[in-house]
Every structure is written in C-alpha cells, then in structure tokens.
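Student: all I have is the shape, not the residue letters:
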C-alpha cells in the first residue's frame, strides 16, 4: 500500500506528516510517497524525507498512484477525479461547512475521512486535530495581540513610575481559550474569561484568571465539550455582561464556536465603540461568521482606534510544531485503519465511523448523514 503526502496550497505552511513520522509508517509495512517540496515551508526538505525512507514524486504521480492520500487542506474536485477509484482521501475537509465538496465525494463514489469530525471522546483525544491546532492558535493569538497592543502586558515598577498590567478578556474557555489564558498570564496580564459552560470555571480559575459568570446558561453533556445554542434571554444578558467587561479591556480574544453552525455573536458593534482607542480584538472565529460583529475573515479592521483582527489559519504561522502535532494525531488515527500493511476500515469502531465522510459514495458519519438527508 502507498501512502501519499500532499503539498498544501500556497498559503498553508503546515504539512500532514513530517519526516519523523515516515519511519513509523514504514514499520507498518507501507510505502510512503511525498510530493516534491511538501514539507519545505515547515522546514522539512525532500532530503530529510528521503533519509527517513520516503520516495519523492510529482503531484500527479502521488495523486494517481497512492492508495491513501493525506493532506490538511482539501484538494480540488479535479484532483480528486485523478485519484484511483478505490483510493482513500484524508484531510481536514471541513465536511460540515463545505457541502459542495461533500456531495461531490458522495456522488463520485469516493471514500474520505475528515479529521475535524473526530469524536470528542476520551479515546479519540490523541487524534483530535482541532484541539491540537486550537492549542497553537490560542498561543499565537496572545502573541499577536501583545505585538499590536501599544502598551505592556505585565506590570512594571520603574524609575519613571508604575505601569499597570494589561487587562485581557478571553471569550470561550475551550482548548484555544485556555491556552490563550495561560499565555496571557505568563506574559503578566490581568486575565478575565467567559464561557457558557460552568464546567470551564474551575479550569479558568486554576490558570489564575477570573471567571466572568452569566447565570442561566443551557448546557448539553452530549455536545462533546462544545458550547450549545442558548435562549434569547440568556444571550442578551451575556452581551450586556461582555459589554461591561469589554469596555475596560485592552485586549479581547474570542474563541467561541458551535460545530456546523455560525459562530455566536458575542461582541456587538456598540461594545467595540465603547472600548478604549488602542485596544485590540483577535477574533479566532472569523472564518465561521465571527464572534465580533465587525470582524472580517483574514482582515484587520480599525474602528475608533480599536483594531479588530479576523484570524483565519493562525496555526500555519507555527508550521514546525503545528505539523508535528497534526502528524501525531494522524498516526494515532491511522493505527485504527492500517493492519499488516493494508487498509482495514472497521466501521464498528465509533472513531472510524464518526470521522468518515463517505465510503464508496455512501455517507457514514451521522453528522454527514443528517446534512445529506436534509
């Protein structure tokens, strides 16, 4: 069996697997083909892949010969058509947000796995690419904010007087939010955090931040650790509370998302206009609608001196460690579907089933089935 590692699009610096992962794959009795320069932006040269035992081939060769094609970003429909009929495509296909691609895979009798569909269960934690990449984005978001903010993060006692610490408000205390809290605290900021899930309160406090409480949130233990949609009454109380804290904040980092839905609106236009000039908002949910009413995907907007950064693929700004983490998630998943050098798709395994978009054109993941049948 040949596993093919694809080069990502121009604006993506990560690679699905680094050379260090190749030796593991070879020990499973498979061959590894890598597209020319696939890892160059993650500082992994073709020479390093070859030293690890991989073969370097053109994109056309990898697409047409590989039995399992690994990537991060989706490839085009034209390139999917170049794959072997029984080849398996695997990547972060955004299957819930990209129905056109999902329907193409189904209508063309393809087998595909979308890594963002990995179930949020204890057994699947080691395969959860969303959590891995959220760790990167939470960390980088704080560094970006610190770079843009026209004042210090920590408190300073100087001969010129005292400098008070920056006040940072984190909206959403999932993986990205918790990493943002930890990073902002390391930089010496005074940190406040909000999340609709009361279960997040203990984690927020353990990192040295203050928890912003809004009573009456609806929770769902079956939501896999994500927030769920709330009542209109709660949402208004939430916006009023956030407005009050945001007006005092120097930095806001928003991380709240709901799988398959538009990101919840947390920071209204009136809130942005109430903030101090020089303040910074980093919206990590900009690509799924935005937590801030005025954010734009992959753009920086300035309103009354407040800079709003709509962040897209922030993980690509740290390609080495992001690729290493992504690759480890991949290897842990591949252990489930590769046996004795061949593909063995066990659809009785809830992780395999939950991650599979379609198999020979038939929708498999319950989330895909629901969308396909609606």
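Tutor: That came through fine. Because the structure is predicted, anything quoted here is derived from the model rather than measured.
Student: can you count the residues close to the nearest residue to residue 250 once chain neighbours are set aside?
Tutor: Leaving aside its sequence neighbours, residue 250 sits nearest to residue 166 (Cβ to Cβ, 6 or more residues apart in numbering; 4.4 Å). Where you see a C-beta, it was placed from the backbone N, CA and C, and this is true even at glycine. Neighbour count of residue 166, defined by other Cβ atoms under 10 Å: 24.
Student: ends of stretch 63-79, what's the gap?
Tutor: End-to-end span of stretch 63-79 (Cα to Cα, to the nearest Å): 7 Å.
Student: can you map out the helices along this protein?
Tutor: Applying DSSP state H to the chain gives helices spanning 19-26, 46-52, 59-65, 77-82, 99-107, 129-148, 175-186, 199-206, 232-246, 269-274, 319-337, 350-355, 366-373.
Student: deepest of the ones you listed, which one?
Tutor: Highest mean neighbour count among those (mean count of other Cβ atoms under 10 Å): helix 175-186, with a mean of 24.
Student: give the rounded mean pLDDT of that helix.
Tutor: The pLDDT scores in helix 175-186 average 97.
Student: check stretch 333-349 too.
Tutor: What stretch 333-349 shows for mean pLDDT is 96.
Student: so which bits of it are buried?
Tutor: Buried residues in stretch 333-349, defined by neighbour count with 16 or more other Cβ atoms under 10 Å: 333-334, 336-338, 343, 345.
Student: I'd like those as TSV, with distance to residue 212 appended.
Tutor: TSV is the format used below for the buried residues of stretch 333-349 (distance: Cβ to Cβ, whole Å):
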residue	distance to residue 212
333	36
334	41
336	40
337	43
338	46
343	48
345	45
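Student: shaky segments in the protein?
Tutor: Applying pLDDT under 70 to the chain flags the ranges 216-230, 260.
Student: first-to-last residue distance for stretch 177-195?
Tutor: By Cα to Cα, the extent of stretch 177-195 from end to end equals 9 Å.
Student: from the chain's centroid, how far away is that stretch?
Tutor: 19 Å (Cα atoms, centre = their mean, to the nearest Å).
Student: then stretch 90-107?
Tutor: Distance, stretch centre to chain centre, for stretch 90-107: 17 Å (Cα atoms, centre = their mean).
Student: again, but for stretch 112-123
Tutor: From the chain centre to the centre of stretch 112-123 is a distance of 12 Å (Cα atoms, centre = their mean).
Student: would you mark the buried spots in it?
Tutor: Neighbour-count burial for stretch 112-123 flags 112-119 (criterion: 16+ other Cβ under 10 Å).
Student: now swap in stretch 284-301 and tell me
Tutor: 284-292, 294-295, 301.
Student: what sits against the residue nearest to residue 64 when sequence neighbours are not counted?
Tutor: In space, not counting the residues next to it along the chain, residue 64 is nearest to residue 82; the distance is 5.6 Å by Cβ to Cβ, 6+ apart. Counting by Cβ atoms under 8 Å, 6 or more residues apart in numbering, residue 82 touches 60, 63-64.
Student: which residue is most remote from the mean position of this protein?
Tutor: Taking Cα atoms, centre = their mean as the measure, the residue most remote from the mean C-alpha position of the chain is residue 159, 43.6 Å away.
Student: distance of that one from residue 166?
Tutor: 21 Å (Cβ to Cβ, to the nearest Å).
Student: next one: residue 115
Tutor: Relative to residue 166, and taking Cβ to Cβ, residue 115 is found at 35 Å.
Student: sorry, back to before: the buried residues of stretch 284-301 into JSON lines, with extra columns for distance to residue 13?
Tutor: As requested, the buried residues of stretch 284-301 are exported to JSON lines (distance: Cβ to Cβ, whole Å):
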{"residue": "284", "distance to residue 13": "18"}
{"residue": "285", "distance to residue 13": "21"}
{"residue": "286", "distance to residue 13": "19"}
{"residue": "287", "distance to residue 13": "17"}
{"residue": "288", "distance to residue 13": "21"}
{"residue": "289", "distance to residue 13": "25"}
{"residue": "290", "distance to residue 13": "24"}
{"residue": "291", "distance to residue 13": "25"}
{"residue": "292", "distance to residue 13": "26"}
{"residue": "294", "distance to residue 13": "28"}
{"residue": "295", "distance to residue 13": "23"}
{"residue": "301", "distance to residue 13": "25"}
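Student: so which of those is the closest to residue 69?
Tutor: Nearest to residue 69 out of those is residue 287 (Cβ to Cβ; 24.1 Å).
Student: what about the residue nearest to residue 64, distance to residue 162?
Tutor: In this view, residue 82 and residue 162 are 64 Å apart by Cβ to Cβ.
Student: can you tell me how far the residue nearest to residue 263 when sequence neighbours are not counted sits from residue 246?
Tutor: Counting by Cβ to Cβ, 6+ apart, the nearest residue to residue 263 once its immediate chain neighbours are dropped is residue 285, at 3.7 Å. Residue 285 sits 16 Å away from residue 246, going by Cβ to Cβ.
Student: neighbours of residue 249, how many?
Tutor: Neighbour count of residue 249, defined by other Cβ under 10 Å: 22.
Student: alright, I will stop here.
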